[in-house]
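In: Let me see the structure of the following:
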Amino acid sequence: MTTGQEREARETPVGLHRYIVFTTACTFLLLIAGALVTSNDAGLSVPDWPFAPGTLLPRMVGGVLYEYSHRMIAGFVGLLTIGLAAWAWKQEPRRWVRLLAMTALLLVVAQAVLGGITVLFFLPAPISTAHAALAQLFFCTLVSLALFTSGWWQSDLPVVEEQGRPTLRAVGIATVCVIFLQLILGAAFRHNALGVLPHIFGAGVVTAMVVWTATIVFTRYGEIAPLRRAAKLLVGLLGLQLCLGVAAYWAVLYQQRLPQPYPLPVVLTVAHVVNGALTLATAVWLTLAAFRAFGRLGEFAMAAAPQPRRHGQTVSVRTS
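Out: Next up, the predicted model:
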């Protein structure tokens, strides 16, 4: 039988989990800051990178306030991610979680490079779109790390038998992919790389997939609280996203008649962007929770228990 001390040694330190949650929250603020830059047409307010020409801290007015604040928050998140990767590499008992933390570090470095290219090459639409898409991947990676290091994920859960076809896992993966593609289409529209029609069509596909996913949860696994709560949140975020999408599109049309960005259209557009990120993250959370609940990732939940060796010695075997 596993003792409390042995189990505690096999789990992620509580401090590391809280640090990951904090980093994830800061990344969400970074997404808001990035959306404010685009919505206020402030992408070239600071024409050099990574710092302003001739100074480390320019006068924070107009578009410079949005653009340079975005860079400072990004730098802070980058430092947090370095700390996350180092802490996880030292104290996280599961090798695959350590590697995922290193992946988060690589993603934030790539994101910084794309941000620099975006400024230095005067906002090329493909690079700006890739910058926005990579931000979503980085955010979802941190959300996944927060789930993997949570007490629920690492607890001894009863394995639930998966029912029916198609499986919730398969539909969940498809839903995540569709939402991510929809966010790319939205970013391409905001950066004038595509028209609005592909994004509108994508909204219909996303709605169908989310409804399908939620229906499977409610009809087959309504008694599993984590899945039920995630499905309710996903449906709620989708409804809000559709409303914000209509309002944001109206705001774009209205904005074209104005000489400069107006507060209400900016607020609606930013809310639409960040709510899309929350929708994707919730779909990722729900899909991963389904894998865990059905025991498909049970062997990756926690590090293996210490195994006895000769002469009374023990060695901790890590799950790879």
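In: thinking Val210 is in contact with Leu280, fair?
Out: No: with contacts counted by CB atoms under 8 Å, Val210 stays clear of Leu280, the gap being 11.0 Å. C-beta coordinates here come from the backbone N, C-alpha and C atoms, glycine included.
In: shared neighbours of those two, anything?
Out: Ile179 (CB atoms under 8 Å, 6 or more residues apart in numbering).
In: got the buried residues for the strand or helix carrying Leu253?
Out: In the assignment (DSSP states H and E), Leu253 maps to helix 225-255. Going by neighbour count (16 or more other CB atoms under 10 Å), the buried part of helix 225-255 is 226-228, 230-231, 233-235, 237-238, 241, 244-245, 247-249, 251, 255.
In: So for that helix, mean pLDDT?
Out: Averaging pLDDT along helix 225-255 yields 91.
In: Also stretch 160-178?
Out: Averaging pLDDT along stretch 160-178 yields 92.
In: Restricting to C-alpha, output it in PDB.
Out: Output in PDB follows, covering the C-alpha atoms of stretch 160-178 (Å, rounded to 0.1, in the frame of the first residue of the first chain):
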ATOM      1  CA  VAL A 160     -15.000   4.900 -16.400                       C
ATOM      2  CA  GLU A 161     -16.100   2.700 -19.300                       C
ATOM      3  CA  GLU A 162     -16.400   4.600 -22.500                       C
ATOM      4  CA  GLN A 163     -19.700   4.200 -24.200                       C
ATOM      5  CA  GLY A 164     -20.900   4.500 -27.800                       C
ATOM      6  CA  ARG A 165     -19.400   5.600 -31.000                       C
ATOM      7  CA  PRO A 166     -18.000   7.900 -32.000                       C
ATOM      8  CA  THR A 167     -16.100   8.300 -28.700                       C
ATOM      9  CA  LEU A 168     -16.000  11.500 -26.800                       C
ATOM     10  CA  ARG A 169     -12.200  11.500 -27.100                       C
ATOM     11  CA  ALA A 170     -12.400  11.400 -30.900                       C
ATOM     12  CA  VAL A 171     -15.100  14.100 -31.100                       C
ATOM     13  CA  GLY A 172     -13.200  16.200 -28.600                       C
ATOM     14  CA  ILE A 173     -10.000  16.100 -30.600                       C
ATOM     15  CA  ALA A 174     -11.900  17.100 -33.800                       C
ATOM     16  CA  THR A 175     -13.600  20.000 -31.900                       C
ATOM     17  CA  VAL A 176     -10.200  21.300 -30.700                       C
ATOM     18  CA  CYS A 177      -8.800  21.200 -34.200                       C
ATOM     19  CA  VAL A 178     -11.900  23.000 -35.700                       C
END
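In: And the contacts of that stretch?
Out: The contact list for stretch 160-178 (CB under 8 Å, 6+ apart) reads 202, 205-206, 209-210, 212-213, 216-217, 220-221, 224, 227, 280, 283-284, 286-287, 290-291, 293-296.
In: Give the ChimeraX command for selecting the buried subset of those residues.
Out: Buried members of the contacts of stretch 160-178, defined by 16+ other CB under 10 Å, are picked up in ChimeraX with:
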select :202,206,209,210,212,213,216,217,220,221,224,227,280,283,284,286,287,290,291,293,294
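In: mind giving me the domain split of the protein?
Out: Following automatic domain parsing, one finds the domains of the chain at 1-155, 161-300.
In: thinking again about what came up before, inside strands: which ones of the contacts of stretch 160-178?
Out: With strands defined by DSSP state E, no entry of these lies inside them.
In: how about Pro47, what does it touch?
Out: The contact partners of Pro47, by CB under 8 Å, 6+ apart, come to 53, 119.
In: List the buried residues of stretch 79-93.
Out: So, applying 16+ other CB under 10 Å, buried residues of stretch 79-93: 80-81, 84-85, 87-88, 92-93.
In: what about the helices in the chain?
Out: Ranges of helices in the chain, per DSSP state H, are 4-10, 14-39, 62-91, 95-120, 125-148, 151-154, 168-190, 197-220, 225-255, 263-293.
In: Worst mean pLDDT among these?
Out: In terms of average pLDDT, helix 4-10 trails the rest of the helices of the chain, at a mean of 54.
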